[in-house]
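[1] 3D model of this:
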Amino acid sequence: MSNFEEEQEEELEVLRSIYEGDEKFNEINTKCFQYKYGTEDNKSILVEISWPETYPSVLPNVSLDLFHNKYLPPDFKNEVRDQILEQGQDFLDCAMTYSLFDWMNENADDFINRIPEMEKRQQVEKPERDESDQPVKVEKQRKEQLTKAQKRRITERTNHKGERERGWNWVDVIRHLSQTGGGA
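    Down below sits the predicted model:
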């Protein structure tokens with residue numbers, strides 16, 4: 001077992017003991033963890049930290065590109081991620097996952113309070129839809145209403161599939177020739 005694996009195993013045990021029973025903490029696998037900051041879905045941030053092979057001598061992977069954060073603008077997610085990683089610089093070669101989650105916990109309210117402001121800005125930045133973008137209303141064409149007598153005549157001329165019988169438009173060759181005077 002390498003030195004990195006030993007340190008990761010120790011940190012994993014510490015994280016499990018610290019966050020035992022904490023519903024906001026989620027262990028995805030032995031090298032990936034998530035923590036949810038905030039209470040409401042539309043006013044919360046989910047941070048995911050995963051460990052590369054040589055962690056803790058390198059920074060962990062920090063991601064906010066999760067389905068839970070889909071409403072957050074990309075530049076905001078990048079800002080939060082960059083600030084977390086900036087904090088991680090101070091903890092290189094040390095177990096830092098708890099420290100990063102803890103730093104985010106201390107600053108989460110500041111980030112979460114900016115969410116409504118960003119949502120308003122996004123709505124303003126979206127161009128107004130003009131009339132050409134509106135979907136065209138398709139008017140339904142009314143079916144022609146047939147009387148009982150019309151329906152009866154149609155059914156008398158058609159088979160059970162609503163099709164005319166085979167040969168309905170064939171020409172009687174003998175009658176045709178006698179009318180046209182086709183002599184030999």
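[2] now stretch 55-64: mean pLDDT?
    Per-residue pLDDT over stretch 55-64 has a mean of 89.
[3] got it, and stretch 77-95?
    Rounded mean pLDDT across stretch 77-95 is 89.
[4] what about stretch 84-92, start to end distance?
    13 Å (CA to CA, to the nearest Å).
[5] please read the previous query as pertaining to stretch 87-101.
    End-to-end for stretch 87-101, by CA to CA: 10 Å.
[6] just stretch 7-26 next, same as before
    First-to-last residue span, stretch 7-26, CA to CA: 20 Å.
[7] just the strands in the protein please.
    Using DSSP state E, the strands of the chain run over 25-29, 32-40, 43-50, 61-63.
[8] now, of the ones you listed, which is deepest in the fold?
    Highest mean neighbour count among the strands of the chain (mean count of other CB atoms under 10 Å): strand 43-50, with a mean of 19. The C-beta positions use only the backbone N, C-alpha and C, and glycine is treated the same way.
[9] that one pairs with which strands, and in what direction?
    Strand pairing for strand 43-50, determined by DSSP bridges: strand 32-40 (antiparallel), strand 61-63 (antiparallel).
[10] lowest-confidence helix or strand of the protein?
    Lowest by mean pLDDT, DSSP states H and E among the helices and strands of the chain is helix 115-125, with a mean of 65.
[11] hmm, back to that, comparing the strands paired with strand 43-50 by mean pLDDT, which bottoms out?
    If you rank the strands paired with strand 43-50 by mean pLDDT, strand 32-40 sits at the bottom with a mean of 86.
[12] re earlier: same list (the strands paired with strand 43-50) but as TSV, adding distance to residue 17.
    As requested, the strands paired with strand 43-50 are exported to TSV (distance: least, CB to CB, whole Å):
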stretch	distance to residue 17
strand 32-40	14
strand 61-63	23
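[13] out of the ones you listed, the one nearest residue 109 is which?
    Residue 109 lies closest to strand 32-40 among the strands paired with strand 43-50, at 8.4 Å (CB to CB).
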